[in-house]
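Participant: Sequence first, then the predicted structure:
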Number of protein chains: 2
Amino acid sequence: MVAGPLPAPSGPGKDRLRLWIRLLRASRTIEAELRERLKKDFNTTLPRFDVMAALYRAPEGMLMSDLSRFLLVSNGNVTGIVDRLVSEGLVARARRNGDRRTSMVRLTEEGTQAFATIAAAHEGWIGELLGKVSEDDARRLTGMLTSFRSNWEGRE
Amino acid sequence: MVAGPLPAPSGPGKDRLRLWIRLLRASRTIEAELRERLKKDFNTTLPRFDVMAALYRAPEGMLMSDLSRFLLVSNGNVTGIVDRLVSEGLVARARRNGDRRTSMVRLTEEGTQAFATIAAAHEGWIGELLGKVSEDDARRLTGMLTSFRSNWEGRE
DNA sequence: ATATAAAACTTTAAGCTTGAAATATCTTGT
DNA sequence: ACAAGATATTTCAAGCTTAAAGTTTTATAT
């Protein structure tokens, strides 16, 4: 979508449509900025960062299917990203005794170190990019988005 | 990013980080649903829809650079999407007399018809997907996101 | 006039993304 | 034990995406 600065449509349902357009533009703007900074400052990408962030929170590791469910992307997608992270030595696949279909994916020592550095910068960027949003508004907005999310959890 | 249901981090700036994570998850969830429905019901994609939506609002046509600026994507990206829309007969490039580097891109008659149909369905989907957000909250959220956006307009 | 720079666009290489098909492994019913 | 089905993952083809390099055309400064 990403419609923008033009004739404000009116009518029933238009408020939600407008909300969606704003939501999408906001997230795309921020995402673009993060992508650029990740590239310039750390020579990495947003998808790689996403995967590492998920793994950082799970020291014991995650299954590929856990990753794809958590990140809201397809299985095949995760395979490629993890492959690249493995080839860069940031992530490792560990075979499991119980089930030979699966393997636990986790950050290597190097990956953990690297992520900690990037994550610190990332948090600073977000603080900067959302600087004009007051802490109060941030909490209120988060609350609204959370209640929205609960309508969606566990669909399908 | 897309972190999620885990130990709520605390500290200065964490509220904004949490807001960003929620924002991103919300837009990805909705985007994924729209993408799926556009594919199933109309055999098209979100990027194609975005381009057509932009052109629908500009009957006189748009330059490629206008499109890429408006949609927040790169030039080369738009080239590919428009190429495909042209080959499908939904969009046309019209040479301009004044400047031979550029061409006006616009919807064909067929493209206009097709878009009107898809847009109607799209608006219904948004109403459904954001149904739990009250009109009141929708307006308030939109307001917050708009003021956020104004900090970003015309950067770079 | 004419070189130089600027602008608009396209091409390219690498990586991301999806949905569908293929592979391998495990589980269940008999 | 064994077939049939379910699970977990990878592979594949097509399309999306970016940044960087290349092409063509227009504008500017001598």
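Facilitator: On my side now, so go ahead.

Participant: got the residues of chain A near DNA strand C?
Facilitator: Counting by C-beta under 7 Å from any atom of the strand, chain A comes close to DNA strand C at A:45-48, A:72-77, A:80-81, A:84, A:98-101. Bear in mind the C-beta positions are built from the backbone N, C-alpha and C, glycine included.

Participant: And the buried ones among those, selectable in ChimeraX?
Facilitator: Listed next is the ChimeraX selection for buried residues among the residues of chain A next to DNA strand C, using 16 or more other C-beta atoms under 10 Å in any protein chain shown:
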select /A:46,47,48,73,81,84
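
Participant: So which of the residues of chain A next to DNA strand C sit within helices?
Facilitator: Those of these mapping onto helices are A:46-48, A:75-77, A:80-81, A:84, per DSSP state H.

Participant: among these, which two are most distant?
Facilitator: Using C-beta to C-beta, these span at most 18.8 Å, a distance reached by A:46 and A:75.

Participant: Quick check, pLDDT for residue A:80.
Facilitator: pLDDT recorded at residue A:80 is 98.

Participant: What separation is there between it and residue B:59?
Facilitator: Remark: distance between residue A:80 and residue B:59 (C-beta to C-beta, to the nearest Å) = 41 Å.

Participant: ok, which of the residues of chain A next to DNA strand C also contact DNA strand D?
Facilitator: A:75-76, A:80, A:99, A:101.

Participant: The most centrally placed residue in chain A sits in which helix or strand?
Facilitator: With distances taken as C-alpha atoms, centre = their mean, residue A:50 lies nearest the centre of chain A, 4.7 Å away. Per DSSP states H and E, residue A:50 falls inside helix A:46-56.

Participant: residue boundaries of the helices in chain A?
Facilitator: Ranges of helices within chain A are A:14-42, A:46-56, A:64-71, A:75-87, A:109-129, A:135-150, based on DSSP H.

Participant: Please produce a markdown table containing those helices, extended by distance to residue B:38.
Facilitator: Output for the helices of chain A, formatted as a markdown table (distance: least, C-beta to C-beta, whole Å):
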| stretch | distance to residue B:38 |
| --- | --- |
| helix A:14-42 | 14 |
| helix A:46-56 | 22 |
| helix A:64-71 | 21 |
| helix A:75-87 | 19 |
| helix A:109-129 | 29 |
| helix A:135-150 | 21 |
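
Participant: so which of those is the most packed in?
Facilitator: helix A:46-56 (a mean of 21; mean count of other C-beta atoms under 10 Å in any protein chain shown).

Participant: so who does residue A:47 touch?
Facilitator: A:73, A:77, A:81 (C-beta atoms under 8 Å, 6 or more residues apart in numbering or on different chains).

Participant: try it again with 10 Å
Facilitator: A:35, A:38, A:71, A:73, A:77-78, A:80-81, A:84-85 (C-beta atoms under 10 Å, 6 or more residues apart in numbering or on different chains).

Participant: which among the residues you listed gets closest to residue B:123?
Facilitator: Ranked by distance to residue B:123 (C-beta to C-beta), the contacts of residue A:47 are led by residue A:73 at 26.5 Å.

Participant: was I right about the closest one contacting residue B:28?
Facilitator: Yes. With contact defined as C-beta atoms under 10 Å, residue A:73 reaches residue B:28; the gap is 8.5 Å.

Participant: what residues are up against residue A:74?
Facilitator: Each residue near residue A:74 by C-beta under 10 Å, 6+ apart is listed here: A:68, B:32.

Participant: Ramachandran angles for it?
Facilitator: Backbone torsions of residue A:74, given as degrees, to the nearest 10, read phi -80, psi 160.
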